[in-house]
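*Asks:* need a 3D model of the following:
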Amino acid sequence: MTDQYKIKRREAFLKILGLAIFTLLAGLISLGVGRYAVSLPDILRTLSGERISPEITQVIWKIRLPRILAGMLVGGALALSGTAYQGMFKNPLVSPDILGSSAGAGFGAAAAILLSMNVAGIKLMSFAFGMLAVMLTWFISSRFGRGNDSLFLLILGGIIISSLFQSLISLVKYVADPTDQLPAITFWLLGSLSKATMSDVKIMAIPFAVCAAILILCSSSLNILALGEEEARTLGVNTKVLRGVVISMATVLTAFAVSLCGMIGWVGLVIPHLARLFVGPNFKVLIPTSLLLGSAYLLIMDDFCRSALAVEIPLGIITSLAGLPFFLYLLTKKNKGW
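*Replies:* I've put the predicted structure just below:
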């Protein structure tokens, strides 16, 4: 048994290492993808500090590198959130917007655009309303939920709050200026990394690292929780505290991701399934695998968005189109376990 455990640990380590290398290579190749193509040797020389030309330097350092780093953070954050939510609720159909954070963040950004705020104001409003939506959901659960009903009320509260903020988004779009504000709101809600800057990456990097580290530390408790809530309590897991910590970290990740690039769907629903197929249900391995897979997946989707057509395609459209058939494929699998 000990030898088998060591073999499984070694296999898991090699898979995670391979994913990390693949993600780094995807990021490196992404630096050359776009309407202004840059060769791999020129990319490596530019990253080493050599100034080949002002145009290449500008494209690599000012435009593509911040966008790629932001895409890696957003993809990893959404995938981590989806994995955490699915593990907490023990439901493979749960996604990061289940508690209303995406809808709340979308309304915050739409309201900021309606009020003619700058980019910083839009992102701040988006994050604030994303957190507010989850707080309202939590209030509904704690106020009306009792015992075993609290988890059900938490999900139901998320549906209510999501519907509320979706209605408010529709109201904002209705009263927005159709020649200026409405197109900006619509484009933002469709999701895009085109506005990402290095300052955005720096702002998101610290909370991303903290939340990811805490979720990794909670992985053993999530494994125990998979046995059932009563069994987890018997084994010494404070399920109420665990639920609060995991949901808080996943919500912060989702709110930061949405505030940075808009509403990008299906990543937090599909990637945890893909990671589970790749490494199994052990959260100690599943969480870092989801992070790396989400980062690589969003990089590839963004490369397609900015290179497929002469005009950039909103990222949220492509992730939805790519996620739907994959999810249908998962539903056809004979092995329904997760």
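
*Asks:* where are the low-confidence patches of the stretch 101-250 of the chain?
*Replies:* Counting by pLDDT under 70, the stretch 101-250 of the chain shows low-confidence ranges at 145-150.

*Asks:* centre-most residue in the chain?
*Replies:* In the chain, the residue lying closest to the centroid (CA atoms, centre = their mean) is L78, at 1.3 Å.

*Asks:* what sits against it?
*Replies:* 96, 253-254, 257, 264, 267-268, 271, 294, 298 (CB atoms under 8 Å, 6 or more residues apart in numbering). All C-beta atoms are positioned from the backbone trio N, CA, C, and that covers glycine.

*Asks:* need the worst-confidence member of those.
*Replies:* Within the contacts of L78, P96 has the lowest pLDDT, namely 80.

*Asks:* what sits against that one?
*Replies:* 78, 81-82, 85, 102, 250, 253-254, 257, 268.

*Asks:* apply 10 Å and report the result again.
*Replies:* Neighbour list for P96: 77-86, 102, 250-251, 253-255, 257-258, 264-265, 267-269, 272 [criterion: CB atoms under 10 Å, 6 or more residues apart in numbering].

*Asks:* checking V201 next. Helix, strand or coil?
*Replies:* Secondary structure state of V201, per DSSP: H, G, I helix; E, B strand; the rest coil, is helix.

*Asks:* how deep is the closest residue to it other than its chain neighbours tucked in, by neighbour count?
*Replies:* Among residues not flanking V201 along the chain, L69 sits closest, at 4.6 Å (CB to CB, 6 or more residues apart in numbering). When neighbours are counted by other CB atoms under 10 Å, L69 registers 21.

*Asks:* roughly how far apart are L69 and G106?
*Replies:* 23 Å (CB to CB, to the nearest Å).

*Asks:* with F22 instead?
*Replies:* Per CB to CB, F22 is found 31 Å from G106.

*Asks:* ok, N91 next?
*Replies:* For N91 relative to G106 (CB to CB), the value is 23 Å.

*Asks:* neighbour-wise, which of these two wins?
*Replies:* Shown here are N91 and G106; by other CB under 10 Å, G106 has more neighbours (29 against 14).

*Asks:* that one contacts M263, correct?
*Replies:* Yes - between G106 and M263 there is a contact at 5.2 Å, judged by CB atoms under 10 Å.

*Asks:* overlap in contacts of the two?
*Replies:* Both G106 and M263 are in contact with 97, 126, 169, 188-189, 191, where contact means CB under 10 Å, 6+ apart.

*Asks:* can you turn the buried part of those into a PyMOL selection?
*Replies:* Buried subset of the shared contacts of G106 and M263, written as a PyMOL selection, criterion 16 or more other CB atoms under 10 Å:
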select buried, resi 97+126+169+188+189+191
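
*Asks:* could the contacts of L78 go into a markdown table alongside secondary structure and distance to S219?
*Replies:* A markdown table is the format used below for those (DSSP: H, G, I helix; E, B strand; the rest coil; distance: CB to CB, whole Å):
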| residue | secondary structure | distance to S219 |
| --- | --- | --- |
| P96 | helix | 18 |
| L253 | helix | 15 |
| T254 | helix | 19 |
| A257 | helix | 21 |
| I264 | coil | 25 |
| V267 | helix | 20 |
| G268 | helix | 17 |
| I271 | helix | 17 |
| G294 | helix | 16 |
| L298 | helix | 22 |
